[in-house]
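> sequence and computational prediction follow.
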Amino acid sequence: MNTKILILLGLAALAAADSGEFRYYGNSGSRESFESSEAQYQFQWAVDDDSSENHYGHQEARDGDDTQGSYSVLLPDGRRQTVTYYVDGDDGYIADVKYSGEASFESASFESREAPRYAPPQRRYYDSNESK
């Protein structure tokens, strides 16, 4: 019996949530109805740091289900990675990744190229007659 009631309440909640309409009842008791609208935006930003020669950025535009954009970043090996993407309905996020420039580690500092070396502590034995 409890299972039937739970299923019935679940179906009622599902039907109410599927209406696609949002109702807000404020303190005034008014019953205004607001249709949800499709997302629509666009943005763009960029960073140009001449001291490190690092230039990167991102831009994206969306109109409903149509989303597309690109971003780029300077990789540690000196190449630029550019990702151009779009959202294709149920297929999801589709990305095209391209690299420009040649990989080079010459510009990296010595500290960044070599891993730190670890030396285990040396054992030291004490004579029981000797003060530590």
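Thanks, I have it. Numbering: from 1, shown residues only.

> list the contacts of stretch 60-75.
38-44, 53-59, 80-87, 89, 99 (CB atoms under 8 Å, 6 or more residues apart in numbering). Where C-beta positions appear, they are placed from N, C-alpha and C, glycine not excepted.

> now for Asn54, how many residues are close by?
11 (other CB atoms under 10 Å).

> what sits opposite it in the beta ladder?
Beta-bridge pairing for Asn54 (DSSP bridges): Asp49.

> how far away is it from Val73?
Using CB to CB, to the nearest Å, we find Asn54 at a distance of 9 Å from Val73.

> can you list the buried residues in the strand or helix carrying Arg62?
When secondary structure is defined by DSSP states H and E, Arg62 falls within strand 54-63. Within strand 54-63, the residues scored as buried using 16 or more other CB atoms under 10 Å are 56, 60, 62.

> please apply the same query to stretch 71-89.
By neighbour count with 16+ other CB under 10 Å, stretch 71-89 contains the buried residues 71-72, 74, 79, 85-86.

> what helix or strand is Thr3 located in?
Using DSSP H and E, Thr3 sits in helix 2-17.

> out of the buried residues of stretch 71-89, which is nearest to Gly10?
The nearest member of those to Gly10, counting by CB to CB, is Tyr86 at 36.5 Å.
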